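Visitor: Give me a model of this one.
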Amino acid sequence: MRIIIFSDSHNNDSNMKSVLELNRNRFDMCIHLGDGCREFEMLSEKYCGIPFVTVNGNGEDFFGSTRVNETVLDLDGKRIFVTHGHRYNVKYSTTTLEYRAVEKECDIVLYGHTHIPDNRYIPDIMGRTLHIFNPGSISRPPLGYKASFGVLEITPKGVSLNNGYIE
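Guide: This next block holds a predicted model:
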């Protein structure tokens, strides 16, 4: 299974369109981690048959959205905790987020909010292994960073998480 992951597009869908077109017919699912859900959902109409999953970001929280703030996906034998991260104070530390993912018995945690890519593996956190991944921002990277997205691949051999960058 191959999943494209976006976060923090902030009403700018041009980079998401480019990534989706370059990967047309090469992904099984697409996830948006918040702060740009509306334009992401509009893009999903073009890719009928491919699941598009999204959670609220702090920007959507204020507008009475009916989307969830976090979810757990069970895919190909892996449990994935999906959240924007603002409710876990990820700009300061991911510790609370990590423990929440372990509490939910997840193998992978996907989060956004910081606009900075993060790709780590913790081999033992309370008896579990945990992949922690933030794709960065697809449209508003901080100074010194490039616009980025993520690719999650789940195969019988394991999990692969990588960033892609927009030039």
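Visitor: can you count the residues close to His84?
Guide: Residues near His84, counting by other C-beta atoms under 10 Å, number 28. Heads up, the C-betas are built off the backbone N, CA and C, glycines and all.
Visitor: ditto for the one 5 residues further on
Guide: By the measure other C-beta under 10 Å, the count of residues near Asn89 is 13.
Visitor: quick one: low-confidence parts of this protein?
Guide: Counting by pLDDT under 70, the ranges of the chain that qualify are 61-66.
Visitor: Does Ser9 belong to a helix, a strand or coil?
Guide: Secondary structure, DSSP: H, G, I helix; E, B strand; the rest coil: Ser9 is coil.
Visitor: who touches the residue lying closest to it once chain neighbours are set aside in this structure?
Guide: What sits nearest to Ser9 in space, not counting adjacent residues and going by C-beta to C-beta, 6 or more residues apart in numbering, is Gly36, at 3.1 Å. Counting by C-beta atoms under 8 Å, 6 or more residues apart in numbering, Gly36 makes contact with 6-13, 16, 57, 59, 138-139.
Visitor: gap between the residue of the chain positioned farthest from its centre and Glu105?
Guide: Relative to the mean C-alpha coordinate of the chain, counting by C-alpha atoms, centre = their mean, the farthest residue is Gly127 (24.2 Å). To Glu105, Gly127 is 11 Å away according to C-beta to C-beta, to the nearest Å.
Visitor: Could you pull out the strands in the chain for me?
Guide: Secondary structure of the chain by DSSP state E: the strands cover 2-6, 29-32, 52-54, 70-75, 78-83, 108-110, 118-125, 128-134, 148-155, 158-165.
Visitor: quick one: strands adjacent to the third one?
Guide: Based on DSSP bridges, the pairing partners of strand 52-54 within the sheet are strand 29-32 (parallel).
Visitor: And the contacts of the strand it pairs with?
Guide: Residues lying outside strand 29-32 but in contact with it, judged by C-beta under 8 Å, 6+ apart, are 1-7, 9, 20, 40, 44, 47, 50-55, 75, 82, 110.
Visitor: so who does Gly34 touch?
Guide: So Gly34 contacts 7-8, 54-60, 83-84, 86, 112-113 (C-beta under 8 Å, 6+ apart).
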